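K.L.:
Could you work out the structure for the sequence below:
(2 chains)
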Protein chains: 2
Amino acid sequence: MTITAPQGFRAAGVKAGIKASGNPDLALVVNDGPLKAGAAVFTSNRVAAAPVHWSRQVVSDGRVDAVVLNSGGANACTGPQGFQNTHATAEKVADVLGISASDVVVCSTGLIGEHLPMDKILPGVEAAAAGLSEDGGSAAATAIMTTDSVAKEAVFTGTDAEGKTFTVGGIAKGAGMLAPGLATMLVVLTTDAQVPAEELDVVLRDATRVTFDRTDSDGCMSTNDTVVLLASGASDAIPSAEQLGAGVTQVCAELARKLIGDAEGASHDIAIRTFNAASERDAEVVGRSVARSNLFKTAIFGKDPNWGRVLSSVGTTDAVFEPDQLNVSMNGIQICRNGGIGDDRGLVDLESREVLVEIDLQAGDAEATIWTNDLTHDYVHENSAYSS
Amino acid sequence: MTITAPQGFRAAGVKAGIKASGNPDLALVVNDGPLKAGAAVFTSNRVAAAPVHWSRQVVSDGRVDAVVLNSGGANACTGPQGFQNTHATAEKVADVLGISASDVVVCSTGLIGEHLPMDKILPGVEAAAAGLSEDGGSAAATAIMTTDSVAKEAVFTGTDAEGKTFTVGGIAKGAGMLAPGLATMLVVLTTDAQVPAEELDVVLRDATRVTFDRTDSDGCMSTNDTVVLLASGASDAIPSAEQLGAGVTQVCAELARKLIGDAEGASHDIAIRTFNAASERDAEVVGRSVARSNLFKTAIFGKDPNWGRVLSSVGTTDAVFEPDQLNVSMNGIQICRNGGIGDDRGLVDLESREVLVEIDLQAGDAEATIWTNDLTHDYVHENSAYSS
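P.N.:
Okay, here's the model as predicted:
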């Protein structure tokens, strides 16, 4: 179940020959309407890729007819030529589909600082257009993979106040550079709900704020992050913003969880829940500081409940707390109590892939959970040879 | 040449039995005067260890008679009992030396969240006092090592306006948790110059700001960082603040360089020089953002001049720059020019241990250099099994 589960969408994924491996590397998603609403959020990195600059303009009027995505090259830090290549890709999509290039979102992922092979991209767009299908969502999900080991898809079905059914679908890629502001990745979401573009934008921002924005695999922010949400209005359902928002958030949460579960070289998926915080922002800041501690992350890899590395990270933040009132639990064992030694650290079992770290700030009633991974030999291995 | 090179100091390092390995683990440094001035800077981590809380009080009056340091336990996150243990250690030093406990700086390093074995510490203080010697600096340097592979010492000799000689000596330990605000470590500096305590404080802060504060091995800030500077006034020299500052800065720079050179598991020492910045602060922020990128650090480990990972880190900062005006060189090859593709990345040679990354912001005339290390299999290995 994927982005073609909602009515009014076709998709394709093809082998354009961009990747040396010969794996699928170009995807196309088309919104057949009747509504052609679109919204997107992008990386907050100031060094943004050419497709991000292009697509920001495309979505600014709330209309998106198609999304073209390539793996095998980020088209970032490629100067004016890079922007021309993005433009040419959108024009090609517009040509073959009979739409306007200004309604075509472009996404790229791969190595930074290399030009895209346009002699592969443009024929690839033709092949993808020829292969568009109402069952093509999974092929698109596969074609956007880089170091992902599995394609990532999710779907949600809900009803509006009158009991009419709407569907939300999503695909995602991303396995490294998962970090702040927006977890580094490409995500396409679709829905057949009838929803105005301005409402779509609010729903998307609310959903990403509590899902992808709280996914921080390695603290590194990409130049290419894009999450785009398309609405076709092809169903009869007119859900409220709350009803649609619940669906979009659930799909985003499921995709974010799958990104963490497939992060490069990771052996543990770690949820850092900070509670009794003075504000949600404080809880986020504390969780993120721990999620970015290499010493904490290597300790979890070594199945070592080294809670001192949690406290030393919390201590670097400006969140409201008193050092002698901090409590920390790992997988249910409270190993730090009131800033000091708690239960026996030998009781903590870190054998399972999922790890829950709970930080009690004793400063209020807000909370937030940040998802991250451990830091492993395989992470170092995969990322030490990425471009070579 | 070490902390006992300046006149007026004795030191010792002994095996107190704190470390399971049986290696030396307790050091004592005594200022025999006639001047007994002292200044110190400490971690800015809000979760500070008991000895940091204690020693902040000790140095507040500008007088320090002795420094006692133990490895094998950080005495951090150990509650009221931890503070009592620090106090008892200072009292023991005071007893055996016939001085006041309120003039004894205490430093600890090792695992967080465990109580110190006071039945080993107190006899160790007696043994160290009995072993104090004017040649004892190197023994002290050895006794404060944790995962360091070598003892770290440095010395500087200068003259005042009248040609009279003064000496500055230093020892340091630290191999992981080297990071912001203050590179995580213990450092003792000595000088026989005649200098008032208030001037000593200014000299020390100026020196650490451009040396240890710009050393960021793994982005993790310790709970125990301490740099203490003692002046005995035992020479005839009365250097100006500039003359003394130059010596202290040189010793700090040499020790900081040795810390980076011995960082846990590192295979490259990386200098990130950011220049043409609008301010020194901007240059520091940009350098630190790159120094903390795990993707950049693993690329250097893999000898991969992946400059996209430099730009994507620079893009997360608020420094003054235009993305299309950034230049990046590695070991002299300008692989990124005006935010885009520069010279052939294949020309970059990353075989040597020392790597120089130069980032040209084209935004002003300030600059700063941050020192860091690559992220390696050995870093993950050493830190995944530290407390187990």
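K.L.:
A:T157 reaches A:T165, doesn't it?
P.N.:
Yes - the pair A:T157 / A:T165 is scored as a contact, 6.2 Å apart, by Cβ atoms under 8 Å. From N, CA and C alone the C-beta is placed, and that goes for glycine too.
K.L.:
Do a quick rundown of the helices in the stretch 1-150 of chain A.
P.N.:
Counting by DSSP state H, counting those that start in this stretch, the segments of the stretch 1-150 of chain A that form helices are A:50-59, A:79-97, A:118-130, A:137-143.
K.L.:
Only the buried residues of stretch A:49-60, if you could.
P.N.:
Neighbour counts over stretch A:49-60 (16 or more other Cβ atoms under 10 Å in any protein chain shown) mark A:A49, A:A50, A:P51, A:V52, A:W54, A:S55, A:V58, A:V59 as buried.
K.L.:
Likewise for stretch A:190-207?
P.N.:
Quick answer for stretch A:190-207 (16+ other Cβ under 10 Å): A:190-195, A:197, A:199-201, A:203-207.
K.L.:
how far out from the middle of the chain is it?
P.N.:
17 Å (Cα atoms, centre = their mean, to the nearest Å).
K.L.:
Same question for stretch A:76-93.
P.N.:
Using Cα atoms, centre = their mean, the offset of stretch A:76-93 from its chain centre is 23 Å.
K.L.:
That one near chain B at all?
P.N.:
Yes - Stretch A:76-93 lies within reach of chain B by Cβ under 8 Å from any Cβ of the partner chain, at A:A76, A:C77, A:T78, A:G79, A:Q81, A:G82.
K.L.:
now for those residues, which pair is the farthest apart?
P.N.:
A:A76 and A:Q81 (12.4 Å; Cβ to Cβ).
K.L.:
what about these two, which has more around it?
P.N.:
A:A76 (31 against 14; other Cβ atoms under 10 Å in any protein chain shown).
K.L.:
Let's see the pLDDT reported for the closest residue to the more buried one other than its chain neighbours.
P.N.:
Nearest non-adjacent residue to A:A76, counting by Cβ to Cβ, 6 or more residues apart in numbering or on different chains: A:A49, 3.5 Å away. A:A49 carries a pLDDT value of 90.
K.L.:
For A:A49, give its distance to A:T86.
P.N.:
Counting by Cβ to Cβ, to the nearest Å, the gap from A:A49 to A:T86 is 8 Å.
K.L.:
Are there residues contacting both of those two? Which ones?
P.N.:
Shared contacts of A:A49 and A:T86, defined by Cβ atoms under 8 Å, 6 or more residues apart in numbering or on different chains, comprise A:N75, A:S108.
K.L.:
Can you list the buried residues in the one helix or strand in chain A whose mean pLDDT sits lowest?
P.N.:
Lowest by mean pLDDT, DSSP states H and E among the helices and strands of chain A is helix A:377-384, with a mean of 78. Residues A:H377, A:Y379, A:V380, A:H381, A:E382, A:N383, A:S384 are the ones in helix A:377-384 that count as buried (16+ other Cβ under 10 Å).
K.L.:
Count the residues that sit near the nearest residue to the last one once chain neighbours are set aside.
P.N.:
In this structure, A:S384 finds its nearest non-sequential neighbour in B:G302, 2.9 Å apart by Cβ to Cβ, 6+ apart. A count of nearby residues for B:G302, using other Cβ under 10 Å, gives 23.
K.L.:
swap in the one 10 residues further on?
P.N.:
A total of 33 residues lie near B:S312 under the criterion other Cβ under 10 Å.
K.L.:
Correct me if wrong, but it is in a strand.
P.N.:
No - under DSSP: H, G, I helix; E, B strand; the rest coil, B:S312 sits outside any strand and is assigned helix.
K.L.:
OK, contacts around the closest residue to it other than its chain neighbours?
P.N.:
Excluding the flanking residues, the one nearest B:S312 by Cβ to Cβ, 6+ apart is A:T223, at 5.1 Å. Applying Cβ under 8 Å, 6+ apart, we find A:T223 in contact with A:43, A:45, A:47-49, A:52, A:74, A:76-77, A:112, B:308, B:311-312, B:315.
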